[in-house]
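1. My questions are about this predicted structure, shown below with the sequence.
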Amino acid sequence: METGNVYGYIRVSSVDQNEDRQRVAMAQAGVQPRNLYMDKQSGKDFNRHQYRLMVRQLRRGDLVYVLSIDRLGRNYEDIQDQWRVLTKEIGVDICVLDMPLLDTRNGKDLMGTFIADLVLQILSFVAQNERENIRKRQAQGIEAAKARGVRFGRPTRSPPEEFIQVVRDWEGEKITFQEALRRTGMQRATFYRRLREFRDTVGEERRR
């Protein structure tokens, strides 16, 4: 296969995760900064902006480095499909730095291809399994926190006394809805949201 450009792909799951280890690995592999692509989002699928940009740049004979298979993705079927697109349809080589057996420049014979495909299937399964385990642990953690009384979402603020009085006047038909909005200085949507919060608070106090 003809010699082409060398690219590197980096992925972290969120904006606050550190990608330094991947950057160092790419620099050691000889990837130039201009050919480095990085996404900061989940590996659940390949709908990622920088990954798509990189794929559009790839040509037959190019080489793509990733640090580990889970940096490429975490969906078993999607990893298999993307690997086929990159290596078969586009014609690039892929080197997974943490797994030397996953270097398509080596083992071009039947046995080498078989071993690489087998390793790819195992590692992509492990990547998806770990993602599902993370989601399961998160769900279990949330349920455990709820059982301890931890409340999620935006905290409910107690409404001011003047709001409570306005609500009582409005519900008692002493004032119109427009007058209620004027006295509270709220828009219609805000008024109804605060009204729901007020009623939820009253309901909780009655259940205690």
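-> Looks like it came in fine.
2. need the longest strand for the protein.
-> The longest strand of the chain (DSSP state E) is strand 6-12.
3. Now the helix or strand following that strand - C-alpha only, PDB.
-> For strand 6-12, the following helix or strand on the C-terminal side (DSSP states H and E) is helix 20-28. The C-alpha trace of helix 20-28 is given here as PDB (Å, rounded to 0.1, in the frame of the first residue of the first chain):
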ATOM      1  CA  ASP A  20      -3.000  14.700  27.900                       C
ATOM      2  CA  ARG A  21      -2.200  10.900  28.000                       C
ATOM      3  CA  GLN A  22      -3.600  10.600  24.500                       C
ATOM      4  CA  ARG A  23      -1.800  13.700  23.200                       C
ATOM      5  CA  VAL A  24       1.500  12.500  24.500                       C
ATOM      6  CA  ALA A  25       1.000   9.100  22.800                       C
ATOM      7  CA  MET A  26       0.100  10.700  19.500                       C
ATOM      8  CA  ALA A  27       3.200  12.900  19.700                       C
ATOM      9  CA  GLN A  28       5.400   9.900  20.400                       C
END
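4. Mind giving me the packing neighbours of helix 20-28?
-> For helix 20-28, the elements it packs on are strand 6-12, strand 36-40, judged by 3 or more CB pairs under 8 Å, 6 or more residues apart in numbering; DSSP states H and E. All C-beta spots, glycine's among them, are computed from the backbone N, C-alpha and C.
5. repeat that for 10 Å
-> Secondary-structure packing of helix 20-28 (3 or more CB pairs under 10 Å, 6 or more residues apart in numbering; DSSP states H and E): strand 6-12, strand 36-40, strand 63-66.
6. Only the buried residues of it, if you could.
-> Judged by neighbour count (16 or more other CB atoms under 10 Å), helix 20-28 contains these buried residues: Q22, R23, A25, M26.
7. ok, now stretch 81-96?
-> Neighbour-count burial for stretch 81-96, with 16+ other CB under 10 Å as criterion, is recorded at Q82, W83, L86, T87, V92, D93, I94, C95, V96.
8. and the helix or strand hosting Q80, how far from the chain's centre?
-> Assigning secondary structure by DSSP H and E places Q80 in helix 76-84. With CA atoms, centre = their mean, to the nearest Å as the basis, helix 76-84 stands 18 Å off its chain's centre.
9. Now do the SS call for the residue of the chain most remote from its centre.
-> Distance from the C-alpha centroid of the chain peaks at K174, with 51.2 Å (CA atoms, centre = their mean). Of the three states, K174 takes coil under DSSP: H, G, I helix; E, B strand; the rest coil.
10. Touching, it and R168? I think so.
-> Yes. Using CB atoms under 10 Å, K174 is in contact with R168, at 8.2 Å.
11. Next, give me the two most distant ones among the buried residues of stretch 81-96.
-> The span of the buried residues of stretch 81-96, defined through CB to CB, is set by Q82 and C95 at 14.9 Å.
12. Give the full set of residues in contact with the spatially most central residue of the chain.
-> For the chain, the residue sitting closest to the mean C-alpha position, by CA atoms, centre = their mean, is S42 at 2.6 Å. Residues near S42 by CB atoms under 10 Å, 6 or more residues apart in numbering: R11, V12, S13, S14, R48, G73, R74, N75, R131.
13. This completes my enquiry, with thanks.
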